[in-house]
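Novice: can't give you the sequence, but here's the structure:
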């Protein structure tokens, strides 16, 4: 059932330490490569730079290392209050002064204001959504974009079919499956790209910029 499904992933992340290594599942060493690839992709989009939303923000690895470099203010969203509480110390007082809100809520339940964000960045978190909640979230988030804004999804993709991990209630989907979901939500893909220079043993990781 739905509550059990989302409860499992919440409990999984609640048990993870509030560190970069914790956020990356033991792969802290890829953080620089990850952020550099994201900065390159974001620069190609050239969005307006007023406000971004970091989804699955955790302690703020992406907020600090990417989004606050581009946007005047950033809002953070995560299901774990413990990780959000660690963000101020991790990000540092001066930068954290531009974190304008923290939302402790799951993506499936978040209802953003219309026309609020220039970029909604969703990295390594859509795997925790059912297909129906994924489509509904995209519809809501698309309405939350300002003119010229983007939803950016960066996540693992399988070569074909989906892989379910019962330990954390996650579904890793194929490129084809993700594109079917984007289409169902009425989203257009404006740009897509593969993240380069990740270790071979990891899934392929792709960026999608949606409007």
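Specialist: Structure received. Just so it is clear, the structure is predicted and the values come from calculations on it, not from any experiment.

Novice: ok, residue 145 touching residue 120?
Specialist: Yes - contact criterion C-beta atoms under 8 Å: residue 145 and residue 120 qualify, at 7.0 Å. (C-beta placed from N, C-alpha, C; glycine too.)

Novice: what ranges does the chain have for its strands?
Specialist: 51-55, 73-78, 99-104, 117-123, 145-157, 163-165, 170-172, 189-194, 204-210 (DSSP state E).

Novice: by contact count, what packs against the first one?
Specialist: With contacts defined as 3 or more C-beta pairs under 8 Å, 6 or more residues apart in numbering; DSSP states H and E, the secondary structure elements packing on strand 51-55 are strand 73-78, strand 117-123.

Novice: JSON lines for these, including distance to residue 17 and mean pLDDT?
Specialist: Below are those laid out as JSON lines (distance: least, C-beta to C-beta, whole Å; pLDDT from 0 to 100):
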{"stretch": "strand 73-78", "distance to residue 17": "14", "mean pLDDT": "98"}
{"stretch": "strand 117-123", "distance to residue 17": "19", "mean pLDDT": "98"}
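
Novice: closest one to residue 109 among those?
Specialist: Across these, residue 109 has its closest neighbour in strand 73-78 (10.3 Å, C-beta to C-beta).

Novice: identify the residue nearest the residue nearest to the spatial centre of the chain in space, chain neighbours excluded?
Specialist: By C-alpha atoms, centre = their mean, the chain has its centre lying nearest to residue 122, at 2.0 Å. Leaving out its chain neighbours, the residue that sits closest to residue 122 by C-beta to C-beta, 6 or more residues apart in numbering is residue 55, at 4.3 Å.
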